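Enquirer: no sequence for this one, just the structure:
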């Protein structure tokens, strides 16, 4: 009996099972390159790219929020819209209140529309990088520091940044950066 | 039996040419936007290309079936390959496909350009209703099915807009570029409006966008197009396209209504009024899970009839209505319903079915509770 | 095992044939027995899944809710899909493969007979587990056979865990079955039969088996991720923990699209056997048929996202998947043209297998046309998740996959049981099925275009007439399958004795064997002479 074929096939099966899992990080890479789903990048580490010939170009940025699964908390942007120049470092805050009678942990998930613009909106500091523990009734203003990359395609003049707030108190996560959590799993 | 005969006659009528059912909808609507017109034309173009190919292929096939039968004395040839014809019928379809791809690509590129919008609307899918937020306008409302339960349960004749009618329509001005931002509160939904040729998934945690510019005044109806649980079939979408003038009036009305609503809770309410109002609120928001008779669908959706919460402490009941039950299907209605609605529905629940507590929760009580939060 | 015992075993089997009693079926490693088990299992599942379809169509007979709750309706659509795909169509083809592949390539049995026994016997357990969810608290899976997250994770009924294990078991069964077929075809062909001389059915199964081995593990991976999300607090598909529900759809359809071809390629093979026999003419373009199969299989890995045009992909992705999907029409077209060319200038007769095969070509082509329409991304926005899609995939699966299996059964049944079936009953079965399915699925194109979403238990009034038509067609189609069961039982119990070659001009090694077929065949390899 020739066992080469079944052995080869078994290897293929195991490989494809692994490949299924490999699709997870591959998808992340794919998202980062294409801005698929409006996913934003992680924390921006480098210098702010100064505006070159783009200098003075203004774009409008809308801030919208959602609360997942009927979360009754108060969660609103303190500024709903701003006009800013590309390459300009700006700051805004979001107000959140835990209306539960117990302490809870929230996680905000960002998404940008049009998706094509996602990779040009760089967050230097963001409450979405951390899980947000809140005491019962506690409210706080959570900061967001960002700039729009001057390389933003010319036809885009309005961006929408959405944050969806999830209550993750009951799902105990080891890490805080949502992008890192997945890597821990793998 | 009579109903069955009636239905049978309808069905038979279908087969008789020229019957009243000749006008029955059987094609894609042409829609009321430039995009939907292009899509309709593209659809018809591809359809006719397919029909033409079908006529040729099936023509040859049926020719063989009729004329190359053994019973007709046909002798079988023995040819079994010809590189030339095989190359031909690989290349020709390829060329036809290229011809199809060119217009498709240009339509798609146009559909993706959402820049320079006049109005931005955030559309959020919920199990099982839609929420519309007009960005920058302070207009924000839920839109849910208003078809009466009796019609769905076949106890009452069905109206023309059966299952396609909502309490609050999405009102849009014509000839304005409207940009939609879709997201979801729970599972994936899809916002589909055939007349605008828009179908986009609403995905929890992420936003998707699309745009439209409506050409004609009118009311357009669509439905959720992604399986989203039990009542997926019961979350229609209605768009009311109006002139800019009417739209401006509507916006003012909305803002005035918001003020009026706040005043409503000041007013005095009798128990009968509250129960009557509560019943409509219940039908719309609660009956899908807890059932019209309050029996629920245990274990996922507990019964309210004889429930400990409903018969117990009023404040606990208010709390549960206001905040929902985290981790369950029970939504927090604190931000979805007004103080009046909350008071009414709580009063209703505590007095409906076998729950005869006789308690009245006035809008003022409810407002007091809300203010404490 | 020594050389001596091997010969002894062989000797014993020749003397006694199959073991007696029920245990014969439990312990059997004979490809014919296992083939029979698979086919009976497939037929049983076809009826169970069919009953669910009847519930669905009965509820949709008229607008309004009459028979079932919306929640139960969703369980029915979900279970109908899962059972038909994994329980009826796939095991049906594996049954045909078990019976026919050794007979067609001149092998004494499948290469790994014990594994063959396991791969079958896993299935009844998998489906018992799946069906038992109907009786659990919270009901059976109700999130559609595509089980999109988060409806199938965070919002799923508790029975989802059993569903996941059932899928795992089915996957293991399919993988083992597929490996067996590949090993058999690579190692056990009759001397002198090169790969390019294999019968088309063997070729189609070879390609299918490779697809199975490649994508069933991906399905296993995706349900494993679901399991981890549900029970181990990971966040593959939940945005809250950095995951993405859309990722689920990508992985699912990476499995799902090749899966679609898994369900149709063997039917291509069956039809490619039947058409030449009843046209009394060799198959046109054998080589291009093989290349077309390979091309379809390869392309099936790069088209998956055409199921997700509405999730909001970047335009580049949208265009890529649109073009690659359209490209599949080329090899598929080649196959259809070759079948028509096979019939052209033949000497045709229309026994039941031929009727099913011809209906296959016509109706599958109609399904192919709607497939091209669906491939065009901008118009897909109007078709996606409507009854147009339901019509499309039922046109490729019912007159495609199911007719393929049924045609194969009619074609080879005389060889398997040594008895002829009742030809007029067979024709009755065909015509009733043909009318029933067109009456069911053709109107679905219209309601879909006019705006009816799929997976809804109730609909608005303008869809009423077509839905009633579809329901009546479905009842007719369902009832006419009872004719088939009766016909098969009648043939086995009291059919006329079949000739060794029941069809004039049937070609292939299976017809060189005596009728009735001995329990063990080709214990000495046959001499294969190529006709090409």
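Expert: Yep, that arrived. What you see is a predicted model, and the numbers here were worked out from it, not measured in a lab.
Enquirer: Could you use CA atoms for every contact and neighbour count after this?
Expert: Will do.
Enquirer: In terms of helix, strand or coil, where does the spatially most central residue of chain A fall?
Expert: Geometric centre of chain A, nearest residue: residue A:110, 3.8 Å, by C-alpha atoms, centre = their mean. With DSSP: H, G, I helix; E, B strand; the rest coil as the basis, residue A:110 sits in strand.
Enquirer: Chain neighbours aside, what residue packs nearest to it?
Expert: residue A:163 (4.6 Å; C-alpha to C-alpha, 6 or more residues apart in numbering or on different chains).
Enquirer: Report whether that neighbour is found in a strand, as I expect.
Expert: Yes. With three-state DSSP as the criterion, residue A:163 is part of a strand.
Enquirer: can you tell me which residues contact it?
Expert: A:64-66, A:108-111, B:205 (C-alpha atoms under 8 Å, 6 or more residues apart in numbering or on different chains).
Enquirer: Could you give me the ChimeraX selection string for whichever of these are buried?
Expert: Here is the ChimeraX selection string for the buried members of these, based on 16 or more other C-alpha atoms under 10 Å in any protein chain shown:
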select /A:64,65,66,108,109,110,111 /B:205
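Enquirer: burial measure for the spatially closest residue to residue B:133 that is not a sequence neighbour, as a count.
Expert: Among residues not flanking residue B:133 along the chain, residue B:140 sits closest, at 4.3 Å (C-alpha to C-alpha, 6+ apart). Around residue B:140 there are 16 other residues, counting by other C-alpha atoms under 10 Å in any protein chain shown.
Enquirer: Provide a complete list of residue ranges assigned to helices in chain B.
Expert: Using DSSP state H, the helices assigned to chain B run over residues B:2-15, B:34-67, B:83-111, B:149-152, B:244-264, B:271-285, B:287-290, B:308-311, B:314-323, B:339-351, B:363-372.
Enquirer: circling back to that earlier point, just the contacts of residue A:163 now: which is nearest residue C:139?
Expert: Nearest to residue C:139, judged by C-alpha to C-alpha, of the contacts of residue A:163 is residue B:205 at 27.9 Å.
Enquirer: contacting residues for the closest one?
Expert: Contacts of residue B:205 (C-alpha under 8 Å, 6+ apart): A:68, A:109-111, A:163-164, B:183-184, C:239-240.
Enquirer: Turn those into JSON lines, including pLDDT and distance to residue B:68.
Expert: Formatted as JSON lines, the contacts of residue B:205 follow (pLDDT from 0 to 100; distance: C-alpha to C-alpha, whole Å):
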{"residue": "A:68", "pLDDT": "86", "distance to residue B:68": "66"}
{"residue": "A:109", "pLDDT": "89", "distance to residue B:68": "67"}
{"residue": "A:110", "pLDDT": "89", "distance to residue B:68": "66"}
{"residue": "A:111", "pLDDT": "89", "distance to residue B:68": "63"}
{"residue": "A:163", "pLDDT": "91", "distance to residue B:68": "68"}
{"residue": "A:164", "pLDDT": "91", "distance to residue B:68": "67"}
{"residue": "B:183", "pLDDT": "94", "distance to residue B:68": "59"}
{"residue": "B:184", "pLDDT": "93", "distance to residue B:68": "59"}
{"residue": "C:239", "pLDDT": "86", "distance to residue B:68": "62"}
{"residue": "C:240", "pLDDT": "85", "distance to residue B:68": "65"}
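Enquirer: Quick check: of the residues you listed, which lies closest to residue C:266?
Expert: Once C-alpha to C-alpha is applied, the member of the contacts of residue B:205 that ends up nearest residue C:266 is residue C:239, at 39.5 Å.
Enquirer: Pretty sure that closest one sits against residue A:110.
Expert: No. At 9.4 Å, residue C:239 does not count as touching residue A:110 under the criterion of C-alpha atoms under 8 Å.
Enquirer: pLDDT below threshold where in chain B?
Expert: B:1-24, B:262, B:264-267, B:327 (pLDDT under 70).
Enquirer: Residue of it closest to chain A, please.
Expert: Nearest to chain A in chain B, going by C-alpha to the nearest C-alpha, is residue B:185, at a distance of 4.7 Å.
Enquirer: Residue B:128 is in contact with that residue, correct?
Expert: No. The pair residue B:185 / residue B:128 is not scored as a contact, 10.2 Å apart, by C-alpha under 8 Å.
Enquirer: and those two? which has more neighbours close in?
Expert: residue B:185 (25 against 22).
Enquirer: give me phi/psi at that one?
Expert: phi -90, psi -20 (degrees, to the nearest 10).
Enquirer: Identify the residue nearest it in space, chain neighbours excluded?
Expert: The shortest distance from residue B:185 to any non-neighbouring residue, by C-alpha to C-alpha, 6+ apart, is to residue A:68 (4.7 Å).
Enquirer: any idea how far the one you found is from residue C:39?
Expert: Using C-alpha to C-alpha, to the nearest Å, one obtains 47 Å as the distance from residue A:68 to residue C:39.
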